[in-house]
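Colleague: Just a sequence and a predicted model for now, questions to come.
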Amino acid sequence: MPKPIERMPYSTWQILKRKRIVRFSLGFILTLAIIALLAPIIANDRPLFFSYKGHVFFPVLTDNTFVDIKTSSNERIVFTDPNLKNLTGATVIMPLVPYAPNKSDLENSDYTGPFDEQSKSDSAGQIISLNGWERHLLGTGKRGEDLFSGLIHGTRVSLTVGVFSMTIAGLIGLFLGSLAGFFGDHQLKINRGKIALLIVGLIPAWFYAFEMRLFHLADALKASAFTFIFQFSISILIFFQS
């Protein structure tokens, strides 16, 4: 009588959970997801909290650039004003990175390094040095855009495109695998030359469909979910047409 097969004491998932590399990978992906979700709160040129003359605002949660405060002397508060925290009687809490992505800082443009001299104009028009968290911690780009803020907001675009891409790739693989399983090894065939051409063709198809349209996808993601799905569908059509 054959000896019965013994069941493993641990499932595959339990074994994988014991591996450090798996735990590290899952933790890294989770960290990126949290950063992508909280990107507007982590890096923005709008205050997280603003209190002035009995009025309380949370500018980072709105799309309003300014607000008119009705007092004896009507005042217009511009939330993106870099000298807002110097306003007398105001309480301002800025994000960790007080810069919005792709917004130019002309006084620190032309690839200013993180250890280079960085400056700004105060409310009196005098040039002062940037210190502490006001500095561009990773430097700036050609137009003075903050690179650290760009990286933080870029995680949202990268993860969104990655999730959609892998979902579509999984559906395509499931469809092709189902066809292969249904027809068997002899009725559904493709020669090696076609496989090689297909693999080579995927590289320019991916480049023109996603890399060339990365800014369109990023702008669509900022606009609305519907706009992003529409632009992403266009990229998918370009990918398959290529």
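Modeller: Cool, got the structure.

Colleague: what packs against the lengthiest helix in the chain?
Modeller: When the chain is parsed with DSSP state H, its longest helix is helix 147-187. Applying 3 or more C-beta pairs under 8 Å, 6 or more residues apart in numbering; DSSP states H and E, one finds that helix 147-187 contacts helix 20-37, helix 39-42, helix 214-223, helix 225-241. Where you see a C-beta, it was placed from the backbone N, CA and C, and this is true even at glycine.

Colleague: closest one to Arg135 among the ones you listed?
Modeller: Proximity of the helices and strands packed on helix 147-187 to Arg135 was assessed by C-beta to C-beta; the nearest stretch is helix 39-42, lying at 16.1 Å.

Colleague: related to what we said a few turns ago, quick one: the helices and strands packed on helix 147-187 as a markdown table, columns for mean pLDDT too.
Modeller: What follows is these, written out as a markdown table (pLDDT from 0 to 100):
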| stretch | mean pLDDT |
| --- | --- |
| helix 20-37 | 85 |
| helix 39-42 | 91 |
| helix 214-223 | 76 |
| helix 225-241 | 80 |
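
Colleague: got a list of what the spatially most central residue of the chain touches?
Modeller: Centroid-nearest residue in the chain: Arg156, 2.4 Å away (criterion: C-alpha atoms, centre = their mean). Contacts for Arg156 (C-beta atoms under 8 Å, 6 or more residues apart in numbering) come out as Ala36, Leu37, Ala39, Leu221.

Colleague: filter the residues you listed to the buried ones?
Modeller: When the contacts of Arg156 are checked for burial by 16 or more other C-beta atoms under 10 Å, the buried set is Ala36, Ala39, Leu221.

Colleague: okay, those in CSV with distance to Gln231 next?
Modeller: Output for these, formatted as CSV (distance: C-beta to C-beta, whole Å):
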residue, distance to Gln231
Ala36, 18
Ala39, 19
Leu221, 8
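
Colleague: Looking at those, spot the one nearest Gly150.
Modeller: When these are compared for distance to Gly150 (C-beta to C-beta), Ala39 wins out at 10.4 Å.

Colleague: Please give me every residue in contact with that closest one.
Modeller: Applying C-beta under 8 Å, 6+ apart, one finds that Ala39 lies in contact with Ile152, His153, Thr155, Arg156.

Colleague: Thr80: which of those is nearest?
Modeller: For the contacts of Ala39, the closest approach to Thr80 (C-beta to C-beta) belongs to His153, at 15.9 Å.

Colleague: Specify the local secondary structure of the nearest residue to the closest one once chain neighbours are set aside.
Modeller: Once flanking residues are discounted, His153 sits nearest to Pro101: 4.2 Å by C-beta to C-beta, 6 or more residues apart in numbering. Assigned with DSSP: H, G, I helix; E, B strand; the rest coil, Pro101 falls in the coil class.

Colleague: Now Pro101: phi and psi?
Modeller: With angles defined as degrees, to the nearest 10, Pro101 sits at phi -70, psi 140.
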